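A.B. asks: Return a 3D structure for these sequence lines:
(chains A, B, C and D)
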4 protein chains.
Amino acid sequence: MNFASDNAWTAHPAVMEALNDANSGAVMGYGADEVTARAEAALREVLQAPDAVIRFVATGTAANALVCAQLSPSFGRIYCHADAHIETSECSAPEFFSGGAKLVTLQGEDGKITPDTLAAAIRHGEGGGLNEGRNAMVSITNATEWGTTYSAAEVAALADLAHGAGLPLHMDGARFANAVAGQNCSAADMTRRAGVDALCFGGTKNGAMAAEAVVFFDPAHAEGFDYRRKQTGHVYSKQRFLAAQMLALASDGLWLELGRAANAKAERLAEGIVSAGGALLAPRQSNAVFATIPAEAHQRARAAGAIYHLWPDKSAEGLDPVPIRLVTAWDTPDADIEAVIRLIAG
Amino acid sequence: MNFASDNAWTAHPAVMEALNDANSGAVMGYGADEVTARAEAALREVLQAPDAVIRFVATGTAANALVCAQLSPSFGRIYCHADAHIETSECSAPEFFSGGAKLVTLQGEDGKITPDTLAAAIRHGEGGGLNEGRNAMVSITNATEWGTTYSAAEVAALADLAHGAGLPLHMDGARFANAVAGQNCSAADMTRRAGVDALCFGGTKNGAMAAEAVVFFDPAHAEGFDYRRKQTGHVYSKQRFLAAQMLALASDGLWLELGRAANAKAERLAEGIVSAGGALLAPRQSNAVFATIPAEAHQRARAAGAIYHLWPDKSAEGLDPVPIRLVTAWDTPDADIEAVIRLIAG
Amino acid sequence: MNFASDNAWTAHPAVMEALNDANSGAVMGYGADEVTARAEAALREVLQAPDAVIRFVATGTAANALVCAQLSPSFGRIYCHADAHIETSECSAPEFFSGGAKLVTLQGEDGKITPDTLAAAIRHGEGGGLNEGRNAMVSITNATEWGTTYSAAEVAALADLAHGAGLPLHMDGARFANAVAGQNCSAADMTRRAGVDALCFGGTKNGAMAAEAVVFFDPAHAEGFDYRRKQTGHVYSKQRFLAAQMLALASDGLWLELGRAANAKAERLAEGIVSAGGALLAPRQSNAVFATIPAEAHQRARAAGAIYHLWPDKSAEGLDPVPIRLVTAWDTPDADIEAVIRLIAG
Amino acid sequence: MNFASDNAWTAHPAVMEALNDANSGAVMGYGADEVTARAEAALREVLQAPDAVIRFVATGTAANALVCAQLSPSFGRIYCHADAHIETSECSAPEFFSGGAKLVTLQGEDGKITPDTLAAAIRHGEGGGLNEGRNAMVSITNATEWGTTYSAAEVAALADLAHGAGLPLHMDGARFANAVAGQNCSAADMTRRAGVDALCFGGTKNGAMAAEAVVFFDPAHAEGFDYRRKQTGHVYSKQRFLAAQMLALASDGLWLELGRAANAKAERLAEGIVSAGGALLAPRQSNAVFATIPAEAHQRARAAGAIYHLWPDKSAEGLDPVPIRLVTAWDTPDADIEAVIRLIAG
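C.D. replies: Here you go, the predicted model:
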């Protein structure tokens, strides 16, 4: 009963098979191999973005921080939600990679930034002179850190605002498949057509071992990026093994199928928790459930070995009801879900 | 009628004289000169800190950012007030100098951090694991960015908390003289005896041309600092001219006398503004006045050439009453003060 | 006939099997899993270093640059050979990770630093004052970039010198297995007992997909390292997959067996090239052969599809004889070796 | 008898007078004052560069490192002489400011880079792929660290090469006045017309207290520079005092007059040393003399209190003859020069 994170679960058999397939004979290193070319092409197809520059890295923190360094100078202001992964969970990697850029955090319900909030922040930044640094970029997460999702139209509204101020829009898509599945739109509608400039397309939480794609829809944004990736130690010598994972996910819609599977499991889990007396803290729109449950339900579940996070941190221990976060993966066993629901129901 | 900042005003005649005195013959560069030795000694005397390591730089941003880099690793969390100069006015210099440390901002009335808020933040940081970085240091400003001051006892309470968590305490003293004058305590009581580990002793806003002192009360905290200062371009070759300014201020209590003079002018200004129908936004405790004044008073004053900042930024234009900040220096003409009061009174 | 690099070749079946074994059920992420614990233990056993702190990353550049950042301040001087991988092949990652440390390069035959050269450089650095930065660490590569190896005694001589000056010694062991196999000593003799403080134990070029271990023999050197690894994006969420690769290599001496296999292939290649009229540029001591071959032999080999690097760079094109580098892996086909020898012989 | 450096000497009376003149009343800070505007204009006039962007900082290290950060990405290759100040004397400030750029050092007689050497290095860098970073800029020093000077034609030859490869050319002009005086050409011929893109125009070693100007001849090269200067702590709040120094030097040709004076003193010194049995190590072309003198002459001079540097470092102590460096300033007393010559003559 592990609901700690979707990255607690396994790599999909198709990923393992792709790795085995790629493991044959000698090929040139550092990305000059056929698997890499095919994986990039497959992802461009998924995103309907024939001109996009796509590069693979192994971790989401690397993907996000590299994009921040690419799109912001050291003196830049990067606008993001106060609960954004880049702010709360990457050990200030964006600041390090960029040489000191400042994450300017915005409040917003359910983990989402609203256009009004963003507009006010951008305006303030424009008036700050040298003191406050220079507006550089906007970053959103989809699905968000609260399991909610932005619709393509909501993304477009933020992109328009950003572009109106000359700023590129980054989407942290560590759970991109879950967002697209949840919104039931196309990957292209959610990104390129909505005005996203850089996308981190997550694989690790969606059935890969460790594979993320950094996508720049406009090649101009990728200028020098390969050097940056190299300098930060994120170029694999045997890159076929990074690419093979992404190739498997990007083929035959597997990425979206896995996203849908994880979402469906979360839907059942949310429904079950509410039936069992819990209350949702945010709408269930992807593969995470944020809820409060009675303290005794929590103790019962923990005692039985259920694993999940208190929210926002362990200071929630002792509260009644207890706020918690549960995340499902494509391969979370249905039996685990039913078991934890029963434990909460008591 | 310039109340934009205390750094809009002049260098004190004693500072100019000290520069002239120092400008004679050849001396060794980079701090190996007698004026530097004397200035360091004089400041150690002021602070009653015979073991302190003291170094001079030309700007407050350099002083603060160097201390941050010295006391925090790149993955450190630096606790400060949300309105701290290091957060709002240094173009993310602390992030740059430290290689990416995160400023974790705390709310607090009148620009001051309370022990409860700090304690909760430190606790959260201790539980954050790798995701949120590691607790590194606490930084306070005295006098604060709202013109208020911490008492020695308040500083000690924060220092105790910080030390209890293994964190050093930094005091940004760009307006240290104004704080000490306002609290009517000794420099040592306000710093070393209260548990301050690193002090930026400001000279520029207090009658110097451009001179700040970085003070480490425990030499262990200064390990490698000279290299860091050099690497950031903040070692003067003709350092006697930096030191001479500080020597003048540190001699015969001039620094404190100038701080008192500026404070007294602010006191009269605050009193006058209130009499003229304005209202203070924060207690007047040093050399700055934060107040709201009627919009028509603002227009009158501006039209007559009075210079001051809208607060917190120019988005305040159009409000009625208008929130403003006015800062006095040791040499702000009394006539200017009376004139602006009259303009506000209408 | 790919002799471009050992990273052009495949992952060993035991590595693939370990990945499959690890891919079962849910485990906690970020290294808090059993495979990681077992892999760390296995490597401590290999190195006979029960107290060592061991962490896994995916690339050699990351491993080396993280060690440089860990052991050198931003103003540090890092002594290394002029042909060291950290100097020539990592896109100044060490400079980036450390925030600006300077690689001070030393000349030396066959890619090796001699004690005399190192001693003179350290002495110069000690006298450089602030201008030249502060001596911070020494880095050697074993096997070297010229395919030669340091003996345990040679390592110890350099370690003694470094330690005498208060500097830690780093060994870039991207081809550590080849060095140990070549010197026919134990891993512990080559490292811990010789005075190595930090080892990058390479897996990628020795049968892994992408796995390197960073080893600190003294835990004090690892202080804060986990944060640094996180901040640079080098902590895997599904770390079991990184650890499983290293577990396979560290089990039953596989790492050394593969190192020996690659070395033996290089030995035959070197012998064959010399027989075919080539001349070695450096003694063949690990899994690389540096040689000159007649221009016509080069053209014949290239035309037949043999892949290898001109040395030191493509400016060698057109020379006669042509200096080249050929690297063998544990799985380089013997037939390829014989074929390229025949091509060179003409 | 201080010949340690030109920065051991005083500020010129005209500089002191300009500081006094500037010290009157309130002005806006951070460069928005009239003295700054006048100083920038005066320097544009000196350089006959009406479009140039000019900014003032207090140290040469800051000036050079800021230019490096401005013109090179973190993964850039910066070509410079092996004895360049940015390589040997700035504690890796360029690496720090740029976030990790690599200084690629070139050999060359008398501290000067030749076109052939530069061309070969650029070519190598172009072929290095990701491994070696990307060619970013070329930096020369004029006058050089060996007291020699590049002619305008020599500068133009290097600039043409750099531009042909798409690289900007930086001139470290800490002793620019001495170079221009030595070459007897115009400041514009030496820089803008020769193709220099960024100039650090030194004031400190030429009669200022602490003032350097960073000049970008093409405003496009200055994009974002003000933020960078702020973020590194190099924006003065009371900037009029930085500007006033430069205004004094740029007015009425004072900078060039002082450069000529220092050069003339060095000429007499060189002549005298040769007459006294010493031998020049490099042609005397600006305000420094590099020579060997008999060990007994050295001991005599030292005993009598003469101050100068052994060259290249103190390891020269004990050699016979002894290599030394002596630098003159505009105000080095003629009596000191004659005295040291007599001491050497014995």
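
A.B. asks: Show the residue spans covered by the strands in the stretch 101-250 of chain A.
C.D. replies: For the stretch 101-250 of chain A, the strands defined by DSSP state E, counting those that start in this stretch cover A:102-106, A:134-141, A:169-173, A:198-202, A:212-216.

A.B. asks: Let's have those strands in a markdown table, adding mean neighbour count, distance to B:D83 and mean pLDDT.
C.D. replies: Just so you know, the C-beta spots here come from the backbone N, C-alpha and C atoms, and that holds for glycine as well. Below are the strands of the stretch 101-250 of chain A laid out as a markdown table (neighbours: other Cβ atoms under 10 Å in any protein chain shown; distance: least, Cβ to Cβ, whole Å; pLDDT from 0 to 100):
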| stretch | mean neighbour count | distance to B:D83 | mean pLDDT |
| --- | --- | --- | --- |
| strand A:102-106 | 23 | 14 | 98 |
| strand A:134-141 | 25 | 20 | 98 |
| strand A:169-173 | 28 | 28 | 98 |
| strand A:198-202 | 28 | 32 | 98 |
| strand A:212-216 | 27 | 36 | 98 |
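
A.B. asks: Rebuild these as JSON lines, extending it with distance to chain B.
C.D. replies: What follows is the strands of the stretch 101-250 of chain A, written out as JSON lines (distance: least, Cβ to the nearest Cβ, whole Å):
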{"stretch": "strand A:102-106", "distance to chain B": "4"}
{"stretch": "strand A:134-141", "distance to chain B": "8"}
{"stretch": "strand A:169-173", "distance to chain B": "15"}
{"stretch": "strand A:198-202", "distance to chain B": "17"}
{"stretch": "strand A:212-216", "distance to chain B": "17"}
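
A.B. asks: right, and those strands - which one's nearest A:A262?
C.D. replies: Among the strands of the stretch 101-250 of chain A, strand A:198-202 comes nearest to A:A262, with 11.7 Å by Cβ to Cβ.

A.B. asks: hmm, back to that, kindly reformat the strands of the stretch 101-250 of chain A as TSV containing distance to D:A4.
C.D. replies: What follows is the strands of the stretch 101-250 of chain A, written out as TSV (distance: least, Cβ to Cβ, whole Å):
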stretch	distance to D:A4
strand A:102-106	42
strand A:134-141	41
strand A:169-173	52
strand A:198-202	53
strand A:212-216	52
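
A.B. asks: and B:A121, which of the ones you listed is closest to it?
C.D. replies: So among those, strand A:102-106 is nearest, using Cβ to Cβ, at 14.7 Å.

A.B. asks: Any chance you could list what contacts that closest one?
C.D. replies: Residues from elsewhere that reach strand A:102-106 (Cβ atoms under 8 Å, 6 or more residues apart in numbering or on different chains): A:76-82, A:84, A:86-87, A:94-95, A:113, A:117-118, A:121, A:125, A:133, B:92, B:95, B:103.

A.B. asks: can you pull out the helices in chain A?
C.D. replies: Applying DSSP state H to chain A gives helices spanning A:13-22, A:34-46, A:60-71, A:85-88, A:93-98, A:115-126, A:152-164, A:176-183, A:187-190, A:225-231, A:240-250, A:254-275, A:295-303, A:334-345.

A.B. asks: Deepest-packed of those, please.
C.D. replies: Ranked by mean neighbour count, the helices of chain A are led by helix A:93-98 with a mean of 31 (mean count of other Cβ atoms under 10 Å in any protein chain shown).

A.B. asks: Which one of the helices of chain A lies nearest to chain C?
C.D. replies: Comparison of the helices of chain A against chain C by Cβ to the nearest Cβ identifies helix A:60-71 as nearest, at 3.1 Å.

A.B. asks: Give me the helices and strands touching that closest one, please.
C.D. replies: Secondary-structure packing of helix A:60-71 (3 or more Cβ pairs under 8 Å, 6 or more residues apart in numbering or on different chains; DSSP states H and E): helix A:85-88, helix A:93-98, strand A:134-141, strand A:169-173, strand A:198-202, strand A:212-216, helix A:225-231.

A.B. asks: what helices or strands is the second one leaning on?
C.D. replies: Using 3+ Cβ pairs under 8 Å, 6+ apart, the elements in contact with helix A:93-98 are helix A:60-71, strand A:76-81, strand A:102-106, helix C:225-231.

A.B. asks: what pLDDT, on average, does the first one get?
C.D. replies: So that's helix A:60-71. Averaged across helix A:60-71, pLDDT comes to 98.

A.B. asks: distance between that helix and the chain's centre?
C.D. replies: Computed by Cα atoms, centre = their mean, to the nearest Å, the chain-centroid distance of helix A:60-71 equals 12 Å.
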